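Asker: Quick one: sequence plus predicted model below, questions after.
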Amino acid sequence: MSMFTRENGALLAEAVPVAEIAQHYGTPTFVYSRAALEQALDEYHSALEGCAHLVCYAVKANSNLAVLDVLARRGAGFDIVSGGELERVLAAGGDPAKIVFSGVGKTPDEMRRALDLGIRCFNVESAAELEVLNTVAGECGKTAPVSIRVNPDVDAKTHPYISTGLKENKFGVDMGQAVDVYRQAKALAHIDIVGVDCHIGSQLTEISPFIDALHRLLSLIDSLANEGIVIRHLDLGGGLGVTYRDEQPPSVAEYLSAIRAEVGDRNLELMFEPGRSIAANAGILVCKVQYLKQTPGNDFALVDAAMNDFIRPALYQAWVDIQPVHQRNDGIDATWDVVGPVCETADFLGKDRGMNLAEGDLLAVAGAGAYGFVMSSNYNTRTRAAEVMVDGDRHFAVRERETLADLLRGEHRLPD
Ligand SMILES: Cc1ncc(COP(=O)(O)O)c(C=O)c1O
Ligand SMILES: N[C@@H](CCCC[NH3+])C(=O)O
């Protein structure tokens, strides 16, 4: 159930009028619903009831401290891909023992910090990384818990930029080399093999690629067992898609029950790394129409948010819903291209959107809770948006709007 609803034509975030948030914090502003985040995580937990499991929210999707805090309090673990994300999880009160560390380029410093904190597992993505991790763990007097991220070579049937489990992608260890890398791991003094991992892509709308990947992982687990290598957990990564427009991804319950049916009664803890399916529809981006510009054949609604705030439409041609915060019928009825002030033709949030608009109207861009603020930039020297968390009838500033002073901090002119 969406936590963004309408009452008498006005958009609400939980019980708070979105217009009130815009008035209070200005625009553009990302607005998140605590209840929506909790509900999405709960769906994972209830579908996994009765089997050993750990749901590690993919921090990259939305790493605001308040978002991490809400999820940590609700029992989430975390999937991180950098030392920065590690520190965020700690700052938000997350438990290091529930952290898995993914990513193809972990540095020795990042490894050291994670070892010191006692994270749950390193998802190792190459033989070279395994050697470095072994050395670092030895230096720290620790043993590193390791899962090899394998690349199962399955087609996730999603946008090519967010497909990660094909042979040609940089991610994970090639399936054909996986047994060898596990043998290497077994022989290393400071490595403890605990699991196997994969992540085949993002915004998947079918179950079959997950099942294909799972089959390959299960048969790898069997081959390893024959060599006396015992795998205790299976991490299937994230990737479950959401509805932005008319996509019909499986529900969390359908997805997880299909996975559980395939795993059967094997003695494996199941781990997942969902990002988008937790956060995407828990957030909107609120912006304001600055100018309406009608030219022969084109109607532009120029808003105060841009591709630097929300890059998904420009980068992946992603479609996200855009609605007036207050519906009117006394403005200009047209089919608008909703565009920002950035000097790029790709700077649009949506094209051909039929709406009745007037200058000054507020618009809500849906599906902005995941891969929204986290992918924002300062392009065109634009300060980044504020972030607000709604909880029932209360709202909290969870990130202040950036100032120009923030932007210039650390920059220097040349000496005379
Ligand atoms: C290793 C890893 N795990 C989890 C995720 C989260 O994916 P999603 O947001 O599609 O659930 C990603 C991003 O695609 C990832 O790279
Ligand atoms: N940034 C992507 C998802 C990337 C997933 C990272 N592995 C998106 O907005 O769809």
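Answerer: Yes, it's here. Ligands and ions are numbered 1, 2, ... in the order given.

Asker: got the contact list for the residue in the stretch 301-416 of the chain positioned nearest to ligand 2?
Answerer: As assessed by C-beta to the nearest ligand atom, ligand 2 sits closest to Y371 within the stretch 301-416 of the chain, at 3.1 Å. Quick note: C-beta positions are derived from backbone N, CA and C, even for glycine. By C-beta atoms under 8 Å, 6 or more residues apart in numbering, the contact list for Y371 reads K60, A61, N62, G275, R276, A280, R312.

Asker: Tell me which helix or strand it sits in.
Answerer: For Y371, there is no host helix or strand (DSSP states H and E).

Asker: For L363, give the beta-bridge partners.
Answerer: Taking DSSP bridges as the rule, L363 bridges to C287, P324.

Asker: Now do the longest helix along the chain: distance to the chain's middle.
Answerer: If you go by DSSP state H, the chain has its longest helix at helix 208-226. Between the centre of helix 208-226 and the centre of its host chain there is 25 Å, according to C-alpha atoms, centre = their mean, to the nearest Å.

Asker: got it, and stretch 386-397?
Answerer: 20 Å.

Asker: Just the CA atoms of it, as CSV, please.
Answerer: Only the C-alpha atoms of stretch 386-397 are listed here, as CSV (Å, rounded to 0.1, in the frame of the first residue of the first chain):
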residue,chain,number,x,y,z
ALA,A,386,17.1,18.6,1.2
GLU,A,387,15.8,15.2,2.5
VAL,A,388,12.8,14.9,4.8
MET,A,389,11.5,11.8,6.6
VAL,A,390,7.8,11.6,7.4
ASP,A,391,6.6,9.5,10.3
GLY,A,392,2.8,9.6,10.7
ASP,A,393,1.9,13.2,11.1
ARG,A,394,5.4,14.3,11.9
HIS,A,395,8.2,15.4,9.5
PHE,A,396,11.9,15.6,10.2
ALA,A,397,14.8,17.2,8.3
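
Asker: circling back to that earlier point, so is the helix or strand that the longest helix of the chain is followed by next to ligand 1?
Answerer: Using DSSP H and E, the next helix or strand after helix 208-226 towards the C-terminus is strand 233-235. No: judged by C-beta under 6 Å from any ligand atom, strand 233-235 makes no contact with ligand 1; its nearest approach is 8.7 Å.

Asker: which parts of the protein sit against ligand 1?
Answerer: Counting by C-beta under 6 Å from any ligand atom, the chain sits next to ligand 1 at 58, 61, 79, 102, 164, 199, 202, 237-240, 273-277.

Asker: ok, the lowest-mean-pLDDT helix or strand in the chain: who's next to it in the sheet?
Answerer: None of the helices or strands of the chain scores lower by mean pLDDT, DSSP states H and E than strand 173-174, at a mean of 93. With DSSP bridges as the test, strand 173-174 is paired with strand 144-151 (parallel).

Asker: what does the average pLDDT come to for the strand it pairs with?
Answerer: The average pLDDT within strand 144-151 is 97.

Asker: so how far is it from its chain's centroid?
Answerer: Strand 144-151 sits 21 Å away from the centroid of its parent chain (C-alpha atoms, centre = their mean).

Asker: Only C-alpha atoms, please: export it in PDB.
Answerer: Extracted C-alpha coordinates of strand 144-151, given in PDB (Å, rounded to 0.1, in the frame of the first residue of the first chain):
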ATOM      1  CA  ALA A 144      38.300 -12.900   7.200                       C
ATOM      2  CA  PRO A 145      34.900 -14.500   6.700                       C
ATOM      3  CA  VAL A 146      34.500 -14.900   2.900                       C
ATOM      4  CA  SER A 147      31.800 -15.600   0.400                       C
ATOM      5  CA  ILE A 148      32.900 -15.700  -3.300                       C
ATOM      6  CA  ARG A 149      30.600 -13.600  -5.500                       C
ATOM      7  CA  VAL A 150      30.300 -15.600  -8.600                       C
ATOM      8  CA  ASN A 151      29.100 -14.300 -12.000                       C
END
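
Asker: How far off centre is the least confident helix or strand of the chain?
Answerer: With C-alpha atoms, centre = their mean, you get 23 Å for strand 173-174.

Asker: how many degrees apart are the next helix or strand along the chain from that strand and strand 144-151 in direction?
Answerer: Using DSSP H and E, the next helix or strand after strand 173-174 towards the C-terminus is helix 178-187. On the basis of axes from the mean of the first three to the mean of the last three C-alpha atoms, to 10 degrees, helix 178-187 is oriented at 170 degrees to strand 144-151.

Asker: Are the helix or strand just after helix 178-187 and ligand 2 in contact anywhere?
Answerer: Counting by DSSP H and E, the next helix or strand C-terminal to helix 178-187 is strand 191-197. No: with C-beta under 6 Å from any ligand atom as the criterion, ligand 2 is not reached by strand 191-197; the gap is at least 13.5 Å.

Asker: In space, not sequence, find me the middle residue of this protein.
Answerer: A61 (1.9 Å; C-alpha atoms, centre = their mean).

Asker: Could you check the pLDDT of that residue?
Answerer: 98.

Asker: Surely it is in contact with A279?
Answerer: Yes: A61 is within contact range of A279, at 4.8 Å (criterion: C-beta atoms under 8 Å).

Asker: overlap in contacts of these two?
Answerer: G369, A370.

Asker: how about I191, what does it touch?
Answerer: L130, L133, N134, A137, T143, A144, V146, A185.
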